[in-house]
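K.L.:
Build me a model from this:
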Amino acid sequence: MPPQRHGRQHRIALTAIRLPPAPLRGNGHSPPALKDRAPYPKARWTVLLESIGVAGSWGPIAGKFKPMTGGIVFWARPGTIRLRPWKRVPFTDGDRRTVADVLLYLAFLVCLLTGILLPGAPSSSLTEALPDNTSGLVRPALLIAPVVLYVLIGLRDKTVFLAARGEQYLPALVFFAVLPFTDMIIAAKLLICVVWIGAGVSKFGPHFTNVVSPMVSNSPCVPAKWLKRLHYRDFPRDIRPSKVATFMAHAGGTAVEILTPLVLLFSTNRWLTLAGVVLMVVFHLFITSAFPLAVPLEWNILFAYLSVFLFLGFPARVGYGIGDMSSPWLTAGIVAALVFFPVLGNLRPDLVSFLPSMRQYAGNWASALWVFAPGAEEKLNTLPHRPTKNQVDQLRAMGYPPAVAEITMQQTIAWRSMHSQGRGLFSVLLKNLPDLDRRTVREAEFGCNSLIGFNFGDGHLHHLDLINAVQSRVGFAPGEWIIVWVESQPIHRGIQHYQVIDAALGVIERGTWKVADAVKEQPWLPNGPIPLDVTWSREEARVARLEVTEELAP
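P.N.:
You can find the predicted model right below:
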């Protein structure tokens, strides 16, 4: 029989249940027993690590060389750039991090750490559901402050909110704080399945296939050249994705992330559930082994752990299925809340970051390239309160020769060109800048990391708001810093919308390209730019670009 449900006084936090010393077991009639000697607040540790900046988007694979940590180095420093998510929210004006912002951020870290360090509290509801457990639970009251601070920080600064993975961990903390035990477990299952299924849905279309080939090629755990080259049609003459890459993308990626979670949610068969858990663990370990750019390693390890913890530890067959939630209306409300941003983000990607849209590592990103006139990139190093320098200068400070530092940064734009957006972005550059070979081109995701301390592939973090914030502090002349920026493809349309931005003049051109045209071309555009449809442009910006071109002419 499923365990009895309890009222508000027995609300608990999953983060304090301790890991079992042996694999979880169920007898088919009662929930499995969890027994250990100390609280194990895994989810809180993960939020803390992400919020400090030593989990995702850390180190050289995220464009952080010296220092390798962004995060707290930026967010605990007044005067650094702050990006608000919505301009109409009161008390969020400006783009400078204040002392109050720093105090909010540090208070958030302290609250997370407090819940981790304090011993678990006894709970009659936990004892009744899991009689062998001796760890206790994190006190629900200790979850209220992090939830409130999550929201306040998010309204002030979307960078910290996204870095702390608020789109996933904030709902989890709410569930742990306000739901009784059985409902909390089922809600956690719904959350992780929405993340999986949302990511799977986002991989529909041609973008994700272009992600798999370079990811496998760059993986240190795939040593055989022939296996890496198998993911290209005819390496090195044709490096578009092969049929093997397409199979890996949509059989090993899309299908696994959509079908397996559904099996785990509804299966009451012990062996089918075990097979699903093993498949998801292998799935996340494979991603971890590839060391993908932006390094979402901690997140993948956590989800591999949660696959075991939730679906083997609390299987549907012993009272933890969707139908066992205390109210169908509660179930429907949780599902509606969890899918709201994924649905909106797929239909209107301009309104929602790709992280709340659950489109992680799907290849369909808002992206950009930065182009500097000779010497203009150095102006970024004058940005006040910035605790880092440009990445090429970080590499030089580590002792690398200038040529090696430059080649390293050029590899990042080569990597971007392996994806469909790169081919479109370079097509726009070739159309707008005939002197492109005399300028410095940088990948914006990496450059953004050195300006705000975080970027997980979200082009919304280096859109016009960031450009204006930098421009107000540095002051580029017209034509010195040109940005080509593109929005993600809506799930129901076959085009992407791009913008050309001059830091000094603002948006100077808008247009679209067809995704089909981008994915069918080679990364180096041997046939020239893909077709572009210019919908609007500013004449004075064209004149400014021509003046800079004349200055660069020999």
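
K.L.:
CA atoms for contacts and neighbours, from now on please.
P.N.:
Noted.

K.L.:
Can I take it that residue 103 is in a strand?
P.N.:
No. Counting by DSSP: H, G, I helix; E, B strand; the rest coil, residue 103 is not part of a strand but helix.

K.L.:
For it, give me its contacts.
P.N.:
By C-alpha atoms under 8 Å, 6 or more residues apart in numbering, the residues touching residue 103 are residue 76.

K.L.:
Quick check: the gap between it and residue 293.
P.N.:
Applying C-alpha to C-alpha, to the nearest Å, the value for residue 103 to residue 293 is 31 Å.

K.L.:
And for residue 230?
P.N.:
21 Å.

K.L.:
out of the two, which sits in the more crowded spot?
P.N.:
Legend: neighbour count by other C-alpha atoms under 10 Å for residue 230 and residue 293, higher for residue 293 (22 against 18).

K.L.:
Toward the C-terminus, what is the element adjacent to whatever helix or strand residue 469 lives in?
P.N.:
Per DSSP states H and E: residue 469 is located in helix 464-474. Once helix 464-474 ends, the next helix or strand along the chain (criterion: DSSP H and E) is strand 481-486.

K.L.:
Residue 466 touches residue 83, doesn't it?
P.N.:
Yes. Taking C-alpha atoms under 8 Å as the definition, residue 466 is a contact partner of residue 83 at 7.2 Å.

K.L.:
Could you give the number of residues near the closest residue to residue 389 other than its chain neighbours?
P.N.:
Counting by C-alpha to C-alpha, 6 or more residues apart in numbering, residue 389 lies nearest to residue 381, which is 5.5 Å off, once chain neighbours are set aside. Residue 381 has 16 neighbours, counted by other C-alpha under 10 Å.

K.L.:
about what we covered before: from the neighbour counts alone, determine which of residue 466 and residue 83 ranks first.
P.N.:
residue 83 (26 against 20).

K.L.:
Report pLDDT for that one.
P.N.:
On pLDDT, residue 83 comes in at 97.

K.L.:
do the same with the one 3 residues further on
P.N.:
For residue 86, the pLDDT comes out at 91.

K.L.:
With the one 4 residues further on instead?
P.N.:
pLDDT, residue 90: 93.

K.L.:
What of the one 10 residues further on?
P.N.:
On the pLDDT scale, residue 100 is placed at 96.

K.L.:
backbone phi and psi for the residue nearest to residue 389, please?
P.N.:
Here is the backbone geometry of residue 381 (degrees, to the nearest 10): phi -70, psi -10.

K.L.:
Could you do residue 501 as well?
P.N.:
phi -120, psi 130.

K.L.:
do the same with residue 284
P.N.:
phi -70, psi -30.

K.L.:
show me the contacts for it.
P.N.:
Per C-alpha under 8 Å, 6+ apart, neighbours of residue 284: 300, 301, 303, 304.

K.L.:
Surely residue 404 is in a strand?
P.N.:
No. Per three-state DSSP, residue 404 lies outside any strand segment and is helix.

K.L.:
Distance check, it against residue 393.
P.N.:
11 Å.

K.L.:
Pick out whichever of the two has more residues nearby.
P.N.:
Using other C-alpha under 10 Å as the criterion, residue 404 and residue 393 rank with residue 393 on top: 19 against 14.

K.L.:
residues in contact with that one?
P.N.:
Contacts of residue 393 (C-alpha under 8 Å, 6+ apart): residue 405.

K.L.:
Find the nearest non-adjacent residue to the spatially most central residue of the chain, please.
P.N.:
Centroid-nearest residue in the chain, with C-alpha atoms, centre = their mean: residue 456, separated by 4.5 Å. Among residues not flanking residue 456 along the chain, residue 294 sits closest, at 5.5 Å (C-alpha to C-alpha, 6+ apart).

K.L.:
I figured residue 341 hits residue 357, correct?
P.N.:
Yes. Assessed by C-alpha under 8 Å, residue 341 is found in contact with residue 357 at 5.4 Å.

K.L.:
Of all the helix elements in the chain, which one is longest?
P.N.:
helix 181-202 (DSSP state H).

K.L.:
neighbouring contacts of the next helix or strand after it?
P.N.:
Sequence-wise, the next helix or strand downstream of helix 181-202 (DSSP H and E) is helix 209-218. With C-alpha under 8 Å, 6+ apart as the test, helix 209-218 has contacts from 222, 228-229, 231-232, 240-241, 245-246, 248-250, 290, 292, 361-363, 415, 418-420, 519.

K.L.:
and helix 209-218, average pLDDT?
P.N.:
pLDDT averaged over helix 209-218 gives 90.

K.L.:
cool, stretch 262-272 as well?
P.N.:
Stretch 262-272 comes out at a mean pLDDT of 95.

K.L.:
chain center to it, what's the gap?
P.N.:
Counting by C-alpha atoms, centre = their mean, to the nearest Å, stretch 262-272 is centred 28 Å from the centre of its parent chain.

K.L.:
how about it: buried residues?
P.N.:
262, 263, 264, 265, 266, 267, 268 (16 or more other C-alpha atoms under 10 Å).

K.L.:
Repeat that for stretch 227-235.
P.N.:
For stretch 227-235, by 16+ other C-alpha under 10 Å, it's 228, 229, 230, 231, 232, 233.

K.L.:
Using JSON lines, lay out those residues together with pLDDT, secondary structure and distance to residue 208.
P.N.:
Output for the buried residues of stretch 227-235, formatted as JSON lines (pLDDT from 0 to 100; DSSP: H, G, I helix; E, B strand; the rest coil; distance: C-alpha to C-alpha, whole Å):
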{"residue": "228", "pLDDT": "92", "secondary structure": "helix", "distance to residue 208": "17"}
{"residue": "229", "pLDDT": "94", "secondary structure": "helix", "distance to residue 208": "17"}
{"residue": "230", "pLDDT": "94", "secondary structure": "coil", "distance to residue 208": "17"}
{"residue": "231", "pLDDT": "94", "secondary structure": "coil", "distance to residue 208": "13"}
{"residue": "232", "pLDDT": "95", "secondary structure": "strand", "distance to residue 208": "14"}
{"residue": "233", "pLDDT": "95", "secondary structure": "strand", "distance to residue 208": "16"}
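
K.L.:
quick one: which of the residues you listed is nearest to residue 194?
P.N.:
Among those, residue 231 lies closest to residue 194 (C-alpha to C-alpha), at 29.3 Å.
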